[in-house]
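Student: Everything below, folded, please.
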Amino acid sequence: MNIEILNEQLDGTPMTKGSGRGWMKRILSAGLLLVAAQTGWAQEAVRYVHTDALGSPVAYSNAAGVVTERIVYEPYGNALGAVSVDGPGFTGHVRDGATLLSYMQQRCMDPQLGVFLSIDPVTAYEQPVGQFNRYRYANGNPYKFTDPDGQSATLLIPIVVIPIVVATTYYATTSSEQRADLGNKLESAVRGVFQKSESTPQQPALQGDGSIASEGASGNRFPDRALPTKPSGEPAPDPDAGGPHTQLGQKEGRNGKYDQARELDGQGRPVKTIDFTDHGRPGSHTSPHEHPYESNGTGGTPSRAKARPLNGG
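Tutor: Down below sits the predicted model:
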């Protein structure tokens, strides 16, 4: 078993002698945080870190084995009742005590909003549709997925490994009929985990130059529907979204239907609409282009602005 000892200051920066601050020694074993030794220049205190299946510290104990602190997390990592200090946090990522954000290497995640604060540095995907939202964390399922580096959600291994270990023990102590029945159920359960997580392969929705990727067998990538609107004609959020989300659909134009997307914030307010066409006017409209929604200054409904290149050009 490989063990790595890291010396760093409490804010995560490398330790320098004479800094006047304490430093933290962490022992990592098989990728799990086991021990955190917080020291000053004149005293030392050793705390043992206990993590859950996601890798989040849920309890600390002292050298005598007495639990000194417990931490309870909301689904996206907001720690309830925890002291706001720098250190290991949700899924083992660094928690910033000042902002309460989770630093996930490539970008930061806001545990209260449940989304990243910047777009996915990899790409947008056309399938499954939810992957088009480049701010989404862990495929919208923080109990099944983690994001090791802020770039791509990863299936939580123990979800599959634990049932397999239990089933292996069961196989050794049961009859052949019982083993056959359990084997069928185990196969069905494992297939379900993967099929429900990503039922279709991921394919980029946009090329590097911003143009539409190749279309599917149906001839259209986005759903054949108009983007949702209220009776007044204003953009309507998806009722079960529960946070920032993206809607996909199509709109009838002078030259036929074209793909369209709309981004909405955590309050269900429209941020921008993206049209995947130049409307037959390449001189004034790029393909794709966007129409941001701008505040009217009185707190009313944001208004749709003029076209501009995607992401502001």
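
Student: just for the chain, where's the confidence low?
Tutor: In the prediction, the chain carries residues with pLDDT under 70 at positions 1-44, 83, 122-132, 155-221, 299, 312-313.

Student: show me the contacts for residue 249.
Tutor: By C-beta atoms under 8 Å, 6 or more residues apart in numbering, the contact set of residue 249 is 222-227, 259-262. Glycine gets a C-beta too; all of them are placed from N, C-alpha and C.

Student: shouldn't residue 69 be in contact with residue 50?
Tutor: No. If you go by C-beta atoms under 8 Å, residue 69 and residue 50 don't touch, sitting 10.0 Å apart.

Student: Narrow the contacts of residue 249 to just the buried residues.
Tutor: Among those, those classed as buried by 16 or more other C-beta atoms under 10 Å are 222, 227, 259-262.

Student: just those now: which is nearest residue 110?
Tutor: Nearest to residue 110, judged by C-beta to C-beta, of the buried ones among the contacts of residue 249 is residue 262 at 21.7 Å.

Student: Just to check, the closest one is in contact with residue 269?
Tutor: No. Assessed by C-beta under 8 Å, residue 262 is found out of contact with residue 269, at 11.0 Å.

Student: what about residue 112, distance to residue 92?
Tutor: 19 Å (C-beta to C-beta, to the nearest Å).

Student: quick one: which of these two has more around it?
Tutor: residue 92 (20 against 12; other C-beta atoms under 10 Å).

Student: Name the nearest residue to the more buried one, sequence neighbours excluded.
Tutor: The spatially closest residue to residue 92, leaving aside those adjacent along the chain, is residue 55, at 3.7 Å (C-beta to C-beta, 6 or more residues apart in numbering).

Student: Name the helix or strand for that neighbour, please.
Tutor: Assigned by DSSP states H and E, residue 55 falls within no helix or strand.

Student: For the residue lying closest to residue 229 once chain neighbours are set aside, give me phi and psi.
Tutor: Nearest non-adjacent residue to residue 229, counting by C-beta to C-beta, 6+ apart: residue 236, 5.4 Å away. Note on residue 236: its backbone torsions stand at phi -120, psi 130 [degrees, to the nearest 10].

Student: ok so, going back, identify the contacts common to residue 69 and residue 50.
Tutor: Residues touching both residue 69 and residue 50 (C-beta under 8 Å, 6+ apart) are 59-60.

Student: if we can go back for a sec, okay, the residue nearest to residue 92 and residue 269: tell me how far apart.
Tutor: 34 Å.

Student: Of the two, which one has the most company?
Tutor: Neighbours around residue 55 and residue 269, counted as other C-beta under 10 Å, are more numerous at residue 55. The numbers are 18 against 15.

Student: ok, that one to residue 298 distance?
Tutor: From residue 55 to residue 298 the distance is 47 Å (C-beta to C-beta).

Student: just residue 144 next, same as before
Tutor: 43 Å.

Student: Between these two, which is the more surrounded one?
Tutor: residue 144 (17 against 6).

Student: about what we covered before: need the max-distance pair from the contacts of residue 249.
Tutor: Between any two of those, the greatest separation by C-beta to C-beta is 15.8 Å, found for 224 and 262.

Student: Show me the domain layout of this structure.
Tutor: 3-118, 208-313 (automatic domain parsing).

Student: Switch the ones you listed over to a markdown table; also include distance to residue 150.
Tutor: Shown next, in a markdown table, are those (distance: least, C-beta to C-beta, whole Å):
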| stretch | distance to residue 150 |
| --- | --- |
| domain 3-118 | 3 |
| domain 208-313 | 16 |
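
Student: Indicate which one of those is closest to residue 151.
Tutor: domain 3-118 (5.3 Å).

Student: if we can go back for a sec, out of the contacts of residue 249, name the ones that lie in strands.
Tutor: Among these, DSSP state E puts 259-262 in strands.

Student: Which one of those residues is nearest to residue 284?
Tutor: For these, the nearest to residue 284 is residue 260 (18.0 Å; C-beta to C-beta).

Student: That closest one reaches residue 272, doesn't it?
Tutor: No. Applying C-beta under 8 Å, one finds residue 260 not in contact with residue 272, separated by 11.1 Å.

Student: Look up the residues that both of those two are in contact with.
Tutor: Counting by C-beta under 8 Å, 6+ apart, nothing touches both residue 260 and residue 272.
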